[in-house]
Each structure stands twice: as structure tokens, then as C-alpha cells.
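K.L.:
Predicted structure and sequence below. I'll ask about it afterward.
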2 protein chains.
Amino acid sequence: MTAYADMTAEQRAAELAALRKDYAAFQAKGLSLNMARGKPAAAQLDLSMPMLGLIAQTSDCFSEDGTDCRNYGVLDGIPEAKRLMAAMLDDAPENVIVFGNSSLTVMYDTLARCLDFGCLGSAPWCTLDAVKWLCPAPGYDRHFAITQAFGIEMIPVAMTEDGPDMDEVERLVRDDAQVKGIWCVPKYSNPGGITYSDEVVRRLASMECAAEDFRIFWDNAYAVHHLSDDASEQDQLLDIAAACAEAGNPHRYFKFASTSKVTLPGAGVAAMAASPENIADAKAHLTVQMIGHDKLNQLRHARFLRDAEGIAAHMRKHAAILRPKFALVEEKLSAGLGEVGVARWTHPRGGYFVSFDGPAGTAKRTVELAREAGVVMTGAGATWPYGRDPHDSNIRIAPTLPPLEELDEALDVFVCCAKIAALEVMG
Amino acid sequence: MTAYADMTAEQRAAELAALRKDYAAFQAKGLSLNMARGKPAAAQLDLSMPMLGLIAQTSDCFSEDGTDCRNYGVLDGIPEAKRLMAAMLDDAPENVIVFGNSSLTVMYDTLARCLDFGCLGSAPWCTLDAVKWLCPAPGYDRHFAITQAFGIEMIPVAMTEDGPDMDEVERLVRDDAQVKGIWCVPKYSNPGGITYSDEVVRRLASMECAAEDFRIFWDNAYAVHHLSDDASEQDQLLDIAAACAEAGNPHRYFKFASTSKVTLPGAGVAAMAASPENIADAKAHLTVQMIGHDKLNQLRHARFLRDAEGIAAHMRKHAAILRPKFALVEEKLSAGLGEVGVARWTHPRGGYFVSFDGPAGTAKRTVELAREAGVVMTGAGATWPYGRDPHDSNIRIAPTLPPLEELDEALDVFVCCAKIAALEVMG
């Protein structure tokens, strides 16, 4: 097929008419399909069912140090859970706090602590005239919702193939002490599937910040979420902790991770790693907020996943379910949109998303068309701070939840809608 | 035995010398006993073991409305868990949010929301010059730690047999708009075991408050924690929600409860009930902080406890374990301290504590003596805001954790220490 740009107006009109016919046919089917959220499929959840039976009788309830995990206590997590989450966070167990089932909550609460109490003795951020935050975009909508909720001014920063545009980041943090932090999904990013290059990690760790208490919120949500079993096709991420220590900024980062997309999103465990000083500071506040998180669930996880190799083995089972879905996305987008030349999309080697860009001014329309044909996508704009995509071009595709056959049909609808929207703006 | 006050100085000296001999004998035993925290005993935890096996295979994981509880979602709790916790909170399921394993966290976060965002449109409390809080004392140290952490000025209010001194409370809230709330453990209070009278509840609900957004933090931690199976020996508490609605102050309260001392402290579920407007407000903020709490654990609890009658039946099993312990406290204190006339203590019909008062200036010394003889008590002063007991007289006795034979010995030590401390101040 000819690229739309090379077609005559008449050819484009004919193409649009044909697509509208296809679209009407999709609508007539009364579909109800969903590519909106990064949720694991039921088959992936089944992989962790053996975990739920691991604690059944009293003798199962004791951690390796003898703690009765049924009772109160243990603020920062039982030893085997700290070790497990340290493996996922690429850090030492003593630098880890294990939490409840949501790393989003850990990030929200960590930011709330900065606002209410400051960082390692700095002024509470809520007492400042303004707080600003760097938001690599496209990015994760729930991150942006947190900073927005606290009235923090969000500054979008462009994403490149290697991570955030570091020239821009360095300029912004050097000149403005109100810029207190940055959201990062450094590996298989949401939604672009990008893994930060070593150079980007080093520049983040070493850049000169006007704010002494600048903090990198390092949401390593997809640390172990490769699509390939072949190590040469898996992304590697430089450890931000080591990079920050080397650069003489040892307290600059908070690392976050969870087992939400390893075991069960509704009943996993989350964790944070940070410098010993940051961890001590967090614990001093945490002890007021809670006595201890669910230690039985920590124990289930530690016994089920065991260690880094146990995690990797389990993730290979996920990958086997996810690979065909990502392959289908690539195949359908290439077949439907490759030649007409009106879109580009990412080819991630891990994570949960494909980031799609149509022509400027088409994202909202594409999502609207899809919805009216029974296919729910993440809202257009969601990948940008304040939900404002300046180009109205980016759409996040989340292919994990639907079974393959449903995904197949949903992608046909999506491709049709993207083409219609593109032709409509081309006029 | 003669009351100490009626003894001659010589008789008291002889008694003190004899007690010091007893004390030395206790010390020689190298004891390691603990009456410090309100933790259930191992035998109580065993009561809930069948719960852990209730979710073992995929077909067990669906809530009654078909939700796969393993996956993301459901911010406010699955329907059967909302119904269960509504039974405990004496409220309607639609007014309930079910959380994770800690009601302390729910209280901390609820207060943090008031500070960061205000209440139903009022100014965020963190923007005010000062916030003050009423703290009926003796009270719960972890409550006081929360208000202290947020820099809220705590005002102690005396506890009477019927609840807080309402003349004092009414005066304080009427005259000072900076007084924004009050901590209440309204049933089998920590540590006094007092249940608020209907009149106290009605006065709290109807009192005139200078602060329009005054909030009662109603921590009904011991709502179902009776010591007797006989209804006539169980305390009844008037519902604060109904009382507030009747008085035309429907948004004045937040109710909190958990299953920490019903099932498992380390792996229970917590909940809050409030007016529909307060619940909507909380959910609008909560949705930024988290996607959903552990729904599998909610499901375990709903299936295990079922309903109000299921809870009551389960609590009778706890009571059977706890009754002999509370009886032993009463027996030992009466036998050891009844006639010498230097102490009074509470006789609770439920809850987890006995509140003990020695002569002014003896609590710290008593706790210190006990510790040096190997018996750990809650720190003296802990039951007062800022840890400052103005009389240095109150000690919280937590008899639930130790097995009966250990409790027996710990109480012997405690009685000896209390007598020594009393004689020391009498000179």
C-alpha cells in the first residue's frame, strides 16, 4: 500500500470511505474488549497459586529468625522477605523496607514524608513557596496523579531512546532549587519500554542540583519483567544506588519495586531501598504510621520465590504467556500501519506496554473511535502530566490482559481507528 | 495487713526491708517476662488458622460479585468484606472502606489527609497557624504519637468512669477553633477499659465546636472484645454515627476498627466508616495513593468470620482464653495491694488492658524496678500525651500475651515493685 502522504486527496478519500465501512462492521459486532491497563492475564495469576497454600498450619507461620508472623511487630520486614526484595531491587537487605501490597502507596507515602517532614533534616517541602517535579513524558499516569494531588508543579521532559533528555534535566535541576525530584521508570519504562542507558543513570546520579535534597523516585516496576529468556535480549540497568554513591550523592534516590506483576497484583508485597540514612529516616516516621505490614504474605512470597534465580525462573513462565501477545501487537501494527506511514510505536524487550504515536492531533480521536467500537484504551493524554499531551499523538497500548483471540480483534479495531483518525487530520 | 498510711514509720521500714528481700529473690531468678503490649497469645492466634487454608485454588479467588481478587482493583473493598466490617463498625456497608492490615495506618492517613487537603472543602489543616487535639488520658500511646509526629498540640482531658470529662471537652471545643479533633477509644478503652456512656456519646455528637471541621477519631478497637459470654456483663456503646446524624453534625466522626485482635494482628484487615460525604472525599484521595488493598485477605476474612454472629462466636473463643488472665490480675492485685491501700486499678469487662494507679510519683520507679527484675511493662507515662503523666502514677498492665504461669509470676513481681515504690515515696 502507498503511504498516505503520497496519495492524492481522492485516493485518501476512497481509503477513508473503505475504512469507515470496516469500522461500521466492527461496531456491528458489539465488542467489549480492553487494552487499557497493565493488568496480568488470568493465566499469569494461575502461576502463583501454589504460593497461597504455603502457609496453612501454625508451624508454617514462623520466619527464619523465629518471629511468629501472625502477631504484631517487625516494622521493616522479616529477614527472608528483605533478602528477596533486595534481590529484586539490586541492593542489600539492610537497605530495604518491605511494605504491603502496593508500591504506589509506598511512593505516595514517601513523597508525603518529604512534604511533611523534609529529607534528612531539610525543611519540610510543604513549607516552601513551591515544589516542582520533572516528569519524563510519555510516562506513568499514576505517578503524575500523585505529584498533582500534592499541588506539585510538573515539568514534562522529553524521553529519548536512552531515557529522559538529560541536557534538559541537568539544566532544570541546576538552575531551580524548587525542582525537588523526578519520576523515573528506568527499565522497560511505562509506556515506552525504554531502559535508561548507563550514561543517563550516571548523569542523573552526578548532576549538579540546586536543591540539596533533590530525590530521584526510581520506580523499578519492571526490573525482572523480560520478554525473552535469552540474556542477550534482556535489557540491563545500571544500579542507581552505586552510581549515586560513586558520584558523592548517596542519598539522592529512593528505589521502589513490588511483586504485583510477579505474583499477584492484589496480594503482593512492595519494597523500597535507599541509603542507610534515608532508610533510618523513613523508619523513624513509619513507626508512627504502623506496627508492621502483613508478615504472613511476606513469608509466602519468600518461600515461593526464594531468591533471584527463583524470581527469574518464575518470570520465564510469565514471559511465555506475554511473548505471543507482544508479537501480535508488533505484527498487527506492522501489517496495518507499516506502509501507510502515519504511526510509529515501540518494540519493547520487557515490561507491560507498547507506546504508540500517531500524527499530531489524532490520539484523542483514535481512542474515542476505539471506545465507540467497544475497545477500551488508556485515555489519550494520560501518559502526560495533567493529562495534557501537547501533540495529542501518544497512546499507551496494554496488551497483557486480554486472551490472544480478543487481543487480535482489539488490535484490528485499533489499527482501523488509527488510520481513520490519521486520514481525518490529513483532510 | 494494715494500710501503709496507718503504719508507723518503723513498721513501714520493716515492711520495705521485707519487700526488698522478696525483690532480691525475684531478681535472682533471672526472669524474662513481658506485660508491655496488647498482643494476643499464641493460643489466640491458633484460633484463626483455619482461615489461612480457605483460599488455595483459583476457584476460591473470586468475590461474590465475580471480581478476581488476585488482580488489581476495587479501591474500597470487596462487597462481603465491606459487609463484614460494617457489622463490626455498627454501620452500613456503603459507608465503609476496607483497608490493609493496620487501623493505625488508616488513622494516620486519615489525619494526614485532613492536614494536606482539609475536610469536605475546609482549609488544609497544615496551612493553619496551629492545630490542637484533645487527648483523653490515660489513653493509647500510639494515638498520641501520631498527633505528636504532625506537630499537633495535644491537650490532655481527664477520663471519668463514663468517658472523657465532657464539661472540659465542651469548654475546649467551644472556645478554640484550633481544636480540630479528639482521640477516642470508646469501648473497653485503652488502658482504662471504660465504655463511654450514652450521655457522653450524645454530648460528643452534639457539642458546639468552634471548628466547623472538628473530627472525632473513634477508634473502636475493642468493639467485639468482651470478656464475658453473658450479654448482661458486656458493655454496650451508643453508635456515634447515629448520634452525630441526630444532632445535625453528620460529618463529625471517623470510625475505625480492625480484625487485628479478632483474627491475626500481623495479617488482618482494617476498616473505616464515615458519612457518605466523608467516604467520597477519602476515596477521591485514596485513589491516588493506591489501586486496591489485599482482596484475597479480605476474602479470607469474610469467609472465615461471615457476619456479626460469626464474629461473636469467634470472640467467645478468645474470651475463654483471656478470662483467666484478667481474673488472675484482679486476684493478684487484690491479694497483694487490696489492704495496704496504695493503689487502685480498673476491672474491665473487655478489651486488652488493666489501668493501674499507684501513689503520685511511683509509676516510673515501679516500672524501673520491674524491668530490673526481668518484667517488662509499658513505659510509665506512655498513657499520656508526650509521655508525660503529670502525677507519675499510671501504669498500663497488658496481661494477654504471657501464658498463665508466666503472668502469675510477673504479677507477683509487679505487686512487690508497686509496694516498694509506694513505701519509698511515703518515706
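P.N.:
Structure's in. What do you need?
K.L.:
When you work out contacts or count neighbours from here on, use the C-alpha atoms and nothing else.
P.N.:
Fine.
K.L.:
what does the stretch 51-200 of chain A have sitting close to chain B?
P.N.:
Applying Cα under 8 Å from any Cα of the partner chain, we find that the stretch 51-200 of chain A lies next to chain B at A:52-53, A:55-58, A:69-73, A:100-102, A:104-105, A:108-109, A:116, A:142, A:145-146, A:149-150.
K.L.:
switch the cut-off to 7 Å
P.N.:
A:52-53, A:55-58, A:69-72, A:101-102, A:104-105, A:108, A:142, A:145-146 (Cα under 7 Å from any Cα of the partner chain).
K.L.:
Now, these that are in helices?
P.N.:
Among these, the members found in helices (DSSP state H) are A:52, A:104, A:105, A:108, A:142, A:145, A:146.
K.L.:
In TSV, list the residues you listed along with pLDDT and neighbour count.
P.N.:
Below are those laid out as TSV (pLDDT from 0 to 100; neighbours: other Cα atoms under 10 Å in any protein chain shown):
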residue	pLDDT	neighbour count
A:52	97	20
A:104	98	22
A:105	98	22
A:108	98	20
A:142	97	19
A:145	98	19
A:146	98	23
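K.L.:
quick one: which of those is nearest to residue A:16?
P.N.:
The closest of these to residue A:16 turns out to be residue A:142 (Cα to Cα; 35.7 Å).
K.L.:
mind listing the strands in chain A by residue range?
P.N.:
For chain A, the strands defined by DSSP state E cover A:33-35, A:96-98, A:132-137, A:153-160, A:163-164, A:179-184, A:215-219, A:253-258, A:270-273, A:344-345, A:354-357, A:375-377, A:394-397.
K.L.:
export the ones you listed to a markdown table and tack on mean pLDDT and distance to residue B:288?
P.N.:
Shown next, in a markdown table, are these (pLDDT from 0 to 100; distance: least, Cα to Cα, whole Å):
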| stretch | mean pLDDT | distance to residue B:288 |
| --- | --- | --- |
| strand A:33-35 | 94 | 21 |
| strand A:96-98 | 98 | 21 |
| strand A:132-137 | 98 | 17 |
| strand A:153-160 | 98 | 16 |
| strand A:163-164 | 98 | 24 |
| strand A:179-184 | 98 | 15 |
| strand A:215-219 | 98 | 16 |
| strand A:253-258 | 98 | 17 |
| strand A:270-273 | 98 | 17 |
| strand A:344-345 | 98 | 28 |
| strand A:354-357 | 97 | 23 |
| strand A:375-377 | 97 | 20 |
| strand A:394-397 | 97 | 20 |
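K.L.:
Pop out the phi and psi values for the closest residue to chain B within the stretch 301-427 of chain A.
P.N.:
Among the residues of the stretch 301-427 of chain A, residue A:401 lies closest to chain B, at 10.3 Å counting by Cα to the nearest Cα. Phi and psi for residue A:401, reported as degrees, to the nearest 10, are phi -70, psi -50.
K.L.:
what about it, neighbour count?
P.N.:
Counted with other Cα atoms under 10 Å in any protein chain shown, the neighbours of residue A:401 add up to 23.
K.L.:
Kindly report the same for residue A:384.
P.N.:
With other Cα under 10 Å as criterion, residue A:384 counts 24.
K.L.:
Likewise for residue A:284?
P.N.:
The burial count for residue A:284: 11, using other Cα under 10 Å.
K.L.:
can you check residue A:328 too?
P.N.:
For residue A:328, the count of nearby residues is 17 (other Cα under 10 Å).
K.L.:
how about the nearest residue to the residue of the stretch 301-427 of chain A closest to chain B, chain neighbours excluded?
P.N.:
Nearest residue to residue A:401, sequence neighbours excluded (Cα to Cα, 6 or more residues apart in numbering or on different chains): residue A:41, at 4.3 Å.
K.L.:
Tell me which residues touch that neighbour, please.
P.N.:
Residue A:41 makes contacts with A:400, A:401, A:402, as judged by Cα atoms under 7 Å, 6 or more residues apart in numbering or on different chains.
K.L.:
State whether the first one and residue A:39 are indeed in contact, as I suppose.
P.N.:
The reference is to residue A:400. Yes: using Cα atoms under 7 Å, residue A:400 is in contact with residue A:39, at 6.3 Å.
K.L.:
Settle it for me: which of those two has more neighbours?
P.N.:
Set side by side, residue A:400 and residue A:39 show more neighbours around residue A:400, with 27 against 20, by other Cα under 10 Å.
K.L.:
how much space is there between that one and residue A:185?
P.N.:
Distance from residue A:400 to residue A:185, counting by Cα to Cα, to the nearest Å: 18 Å.
K.L.:
How about residue A:266?
P.N.:
Between residue A:266 and residue A:185 the computed distance is 21 Å (Cα to Cα).
K.L.:
ends of stretch A:358-374, how far apart?
P.N.:
End-to-end span of stretch A:358-374 (Cα to Cα): 20 Å.
K.L.:
Just give me how far it sits from the chain centre.
P.N.:
Relative to the centre of its chain, stretch A:358-374 is centred 23 Å away, using Cα atoms, centre = their mean, to the nearest Å.
K.L.:
That one: which residues count as buried?
P.N.:
Of the residues in stretch A:358-374, A:358-371, A:373-374 count as buried by neighbour count, 16 or more other Cα atoms under 10 Å in any protein chain shown.
K.L.:
Give the burial count for residue A:31, as a bare number.
P.N.:
By the criterion of other Cα under 10 Å, residue A:31 has 17 neighbours.
K.L.:
What ranges does chain A have for its helices?
P.N.:
Along chain A, counting by DSSP H, helices occupy A:9-28, A:42-46, A:49-52, A:79-89, A:103-117, A:141-149, A:166-175, A:198-206, A:240-246, A:276-289, A:295-305, A:308-337, A:363-372, A:404-426.
K.L.:
Please save the CA atoms from the third one in PDB.
P.N.:
Think helix A:49-52. Output in PDB follows, covering the C-alpha atoms of helix A:49-52 (Å, rounded to 0.1, in the frame of the first residue of the first chain):
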ATOM      1  CA  MET A  49      -1.500 -20.300  43.000                       C
ATOM      2  CA  PRO A  50       0.900 -22.700  44.800                       C
ATOM      3  CA  MET A  51       2.100 -19.800  46.900                       C
ATOM      4  CA  LEU A  52      -1.300 -19.500  48.600                       C
END
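K.L.:
Report the distance from it to the chain centre.
P.N.:
Helix A:49-52 has its C-alpha centroid displaced from the chain centroid by 25 Å (Cα atoms, centre = their mean).
K.L.:
outside of that helix, which residues touch it?
P.N.:
Helix A:49-52 has contacts (Cα under 7 Å, 6+ apart) with A:300, A:304, B:55, B:56, B:57, B:58.
K.L.:
again, only this time at 10 Å
P.N.:
For helix A:49-52, the surrounding residues in contact (Cα atoms under 10 Å, 6 or more residues apart in numbering or on different chains) are A:263-264, A:297, A:299-305, B:52-58, B:61, B:70, B:296.
K.L.:
what packs against the lowest-mean-pLDDT helix or strand in chain A?
P.N.:
When the helices and strands of chain A are scored by mean pLDDT, DSSP states H and E, strand A:33-35 comes last with a mean of 94. Using 3 or more Cα pairs under 10 Å, 6 or more residues apart in numbering or on different chains; DSSP states H and E as the contact test, the elements touching strand A:33-35 are helix A:363-372, strand A:375-377, strand A:394-397, helix A:404-426.
K.L.:
which of those sits most buried?
P.N.:
Of these, the one with the most neighbours on average (mean count of other Cα atoms under 10 Å in any protein chain shown) is strand A:394-397, at a mean of 28.
K.L.:
Show me what it is packed up against.
P.N.:
strand A:33-35, strand A:344-345, strand A:354-357, helix A:363-372, strand A:375-377.
K.L.:
hang on, the earlier thing: pretty sure the residue of the stretch 301-427 of chain A closest to chain B contacts residue A:261?
P.N.:
No: the criterion here is Cα atoms under 10 Å, and residue A:401 misses it with residue A:261 at 11.7 Å.
K.L.:
Alright, I will stop here.
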